[in-house]
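Enquirer: Sequence isn't available, so here's the structure alone:
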DNA sequence: CACACTTGAATTAGTCGTACGTAATGGGTT
DNA sequence: AACCCATTACGTACGACTAATTCAAGTGTG
């Protein structure tokens, strides 16, 4: 996806990361660097680098004479894109999807409101372009093309907000939207109401109507939440 | 603060991290592992581990034949608590503080609303206790004691929301609140109106009134934003 | 002559193995 | 119960080698 297999330590992480985030090692479990190195058939140096990365994500803690202990879920850096990807690929995917969607429903309306105030002319143009792309692909099982424009739309909103914390959630939203299309039940064409809402948000942002942009985006996220409730009540 | 100097590579990070996030190395700058190792008087192994951590934070990118290149700010993992701390300690502290406060104003009202629905009896008790603690220390220049209860209050709200993404912002909010008291202008006692709002939020959560909890918390965050505008218009 | 392509040398990170340092643990002794 | 010491696994250092990428010189071609 992003940077796969950028070295041996990356390969180790691609296996260990998902395993830990999936809860295969319960909190408090101890792993030994040497054993792991043997298991993955890499040198201790490489394994140590991998452990350092896991440590920086607060997934594990390395202590002398003890080993590498898995930290409780509540301490993980759940905003790390890598961790998010690992968890979305694992078993608690539904739970993770819900958490992220709730986050979206808090952040995106606020971002849309700010976007209405700060969006450049270029961003407004991008936005309407995305919205039109969504409309054009909203019928006839062109889910892939629709998704591309949907993701781009939300990215632009978050970026146009002018707040870097919001902007950096673009990747997260992209993962959620992509996940919904690829893994969840989405045989049919997208909800026409949702498509209309996106068009209206683009209009509101262009018009500089923050309150309207915020409210319309809130409706979009409410729809996303309801969708989850239908799939996993 | 959290885990200072947990090894040599930690010491290196404590210096390199702040330097990079402060923009001392413009995007695209190239650092050489060997040179860095010499500069910090550590072995290449240690330096490599440090680089791996910086890489996992998307602060730098390591490529063969090139070196360790600093990535543009837009690609940093700005939600990493470590990165947040480094940036709050650096030069763009005001900018960072504003970004985080805007984030708070989006997240905390939503979290308070959910808390009103999901808070346990114990969490409600903690909340009122924190609110009372704030009241008790709101006069007489007892800023330190006030801060402790203020932080605890917001932590409980975020945790009681039942959403792990919200909950993990507790540390961020704590940094922001602590920063406001310690670095920004806050000679006088806290705004009585804000104290009252906290008490009312606690009541609303206890009463299970989500809309009221959300609205009151929104007022708190609006106050925080206005405070920033006064300090840095 | 200008341009594109090939080749090879230089450079820097990547990997490995070993040796030794060091702190935390657990058991044994006083 | 307090203390001491051996064990253990991580921490650090060093050196040698590998491999990938860049850059430039050289070559061929239009």
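Expert: Looks like it came in fine. This is a predicted model, so every value here is computed, not measured.

Enquirer: Quick test: name the residue nearest the centre of chain A.
Expert: residue A:172 (2.2 Å; C-alpha atoms, centre = their mean).

Enquirer: that's a helix at it, yeah?
Expert: Yes. The assignment for residue A:172 by DSSP: H, G, I helix; E, B strand; the rest coil puts it in a helix.

Enquirer: and it, what does it touch?
Expert: Residues counted as contacts of residue A:172 (C-beta atoms under 8 Å, 6 or more residues apart in numbering or on different chains) are A:79, A:81, A:84, A:100, A:103. From N, CA and C alone the C-beta is placed, and that goes for glycine too.

Enquirer: Between those, which sits nearest residue B:179?
Expert: Residue B:179 lies nearest to residue A:79 out of those, by C-beta to C-beta, at 19.2 Å.

Enquirer: I'd like the distance between residue A:51 and residue A:86.
Expert: Residue A:51 sits 16 Å away from residue A:86, going by C-beta to C-beta, to the nearest Å.

Enquirer: Looking at these two now, which is surrounded by more residues?
Expert: Applying other C-beta atoms under 10 Å in any protein chain shown to residue A:51 and residue A:86 shows that residue A:51 carries more neighbours, namely 26 against 22.

Enquirer: And whatever helix or strand that one lives in, what does it pack against?
Expert: Under the criterion of DSSP states H and E, residue A:51 resides in helix A:44-56. Contacts defined by 3 or more C-beta pairs under 8 Å, 6 or more residues apart in numbering or on different chains; DSSP states H and E place helix A:44-56 against helix A:8-21, helix A:33-40, strand A:60-63, helix B:44-56.

Enquirer: hmm, that helix in reach of DNA strand C?
Expert: Yes. Helix A:44-56 lies within reach of DNA strand C by C-beta under 7 Å from any atom of the strand, at A:44-46, A:49.

Enquirer: what about the strands in chain A?
Expert: Using DSSP state E, the strands of chain A run over A:30-31, A:60-63, A:67-70.

Enquirer: So which of those strands is the most surrounded?
Expert: Of all those, strand A:67-70 carries the top mean neighbour count, a mean of 19, counting by mean count of other C-beta atoms under 10 Å in any protein chain shown.

Enquirer: Can you list the strands that that strand pairs with?
Expert: strand A:30-31 (antiparallel), strand A:60-63 (antiparallel) (DSSP bridges).

Enquirer: Need those strands in CSV (columns: mean pLDDT and distance to residue A:124).
Expert: CSV is the format used below for these (pLDDT from 0 to 100; distance: least, C-beta to C-beta, whole Å):
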stretch, mean pLDDT, distance to residue A:124
strand A:30-31, 98, 51
strand A:60-63, 98, 45
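
Enquirer: Can you give me the buried ones in the longest helix seen in chain A?
Expert: Assignment by DSSP state H gives helix A:93-118 as the longest helix of chain A. Neighbour-count burial for helix A:93-118 flags A:96-116 (criterion: 16 or more other C-beta atoms under 10 Å in any protein chain shown).

Enquirer: Check stretch A:15-25 too.
Expert: A:16-18, A:20-21, A:25.

Enquirer: Distance to residue B:124 and pLDDT added to these, as CSV?
Expert: Formatted as CSV, these follow (distance: C-beta to C-beta, whole Å; pLDDT from 0 to 100):
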residue, distance to residue B:124, pLDDT
A:16, 40, 98
A:17, 37, 98
A:18, 37, 98
A:20, 34, 98
A:21, 32, 98
A:25, 34, 97
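
Enquirer: Residue A:211: what's its closest spatial neighbour, skipping adjacent residues?
Expert: residue A:113 (7.1 Å; C-beta to C-beta, 6 or more residues apart in numbering or on different chains).

Enquirer: DNA strand D versus the one you found, what's the distance?
Expert: 42 Å (C-beta to the nearest atom of the strand, to the nearest Å).

Enquirer: And for residue A:103?
Expert: Counting by C-beta to the nearest atom of the strand, the gap from residue A:103 to DNA strand D is 33 Å.

Enquirer: Residue A:28 is in contact with residue A:70, isn't it?
Expert: Yes. With contact defined as C-beta atoms under 8 Å, residue A:28 reaches residue A:70; the gap is 6.5 Å.

Enquirer: residues of the helix or strand of chain A with the lowest mean pLDDT that come out buried?
Expert: Counting by mean pLDDT, DSSP states H and E, chain A has its least confident helix or strand at helix A:170-182, which shows a mean of 90. Under the neighbour-count criterion of 16+ other C-beta under 10 Å, helix A:170-182 has A:170-180 buried.

Enquirer: Make a markdown table out of these and add distance to residue A:150.
Expert: Shown next, in a markdown table, are those (distance: C-beta to C-beta, whole Å):
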| residue | distance to residue A:150 |
| --- | --- |
| A:170 | 12 |
| A:171 | 14 |
| A:172 | 14 |
| A:173 | 9 |
| A:174 | 9 |
| A:175 | 13 |
| A:176 | 11 |
| A:177 | 6 |
| A:178 | 9 |
| A:179 | 12 |
| A:180 | 9 |
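
Enquirer: Residue A:197: neighbour count?
Expert: 19.

Enquirer: ok, now which ones touch it?
Expert: A:216-217, A:219-220, A:223.

Enquirer: Repeat the analysis, applying 6 Å as the threshold.
Expert: Applying C-beta atoms under 6 Å, 6 or more residues apart in numbering or on different chains to residue A:197 gives the contacts A:216, A:219-220.

Enquirer: Setting the sequence-adjacent residues aside, check what's closest to residue A:29.
Expert: Nearest to residue A:29 is residue A:70, by C-beta to C-beta, 6+ apart, at 4.6 Å.

Enquirer: Pull up the residues of chain A that are close to chain B.
Expert: A:49, A:52-53, A:56, A:78-79, A:99, A:102-103, A:106-107, A:110, A:163-165, A:168 (C-beta under 6 Å from any C-beta of the partner chain).

Enquirer: before we move on, the earlier item: now the helices and strands packed on helix A:44-56 in CSV, with distance to DNA strand D?
Expert: Shown next, in CSV, are these (distance: least, C-beta to the nearest atom of the strand, whole Å):
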stretch, distance to DNA strand D
helix A:8-21, 11
helix A:33-40, 4
strand A:60-63, 4
helix B:44-56, 4
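
Enquirer: okay, the ones you listed in CSV with distance to residue A:159 next?
Expert: Output for the helices and strands packed on helix A:44-56, formatted as CSV (distance: least, C-beta to C-beta, whole Å):
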stretch, distance to residue A:159
helix A:8-21, 28
helix A:33-40, 38
strand A:60-63, 33
helix B:44-56, 23
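
Enquirer: Domain map for chain A?
Expert: Domain assignment for chain A by automatic domain parsing gives A:8-75, A:92-231.

Enquirer: can you tell me the residue of chain A closest to DNA strand C?
Expert: Closest contact between chain A and DNA strand C, by C-beta to the nearest atom of the strand, is at residue A:8 (3.0 Å).
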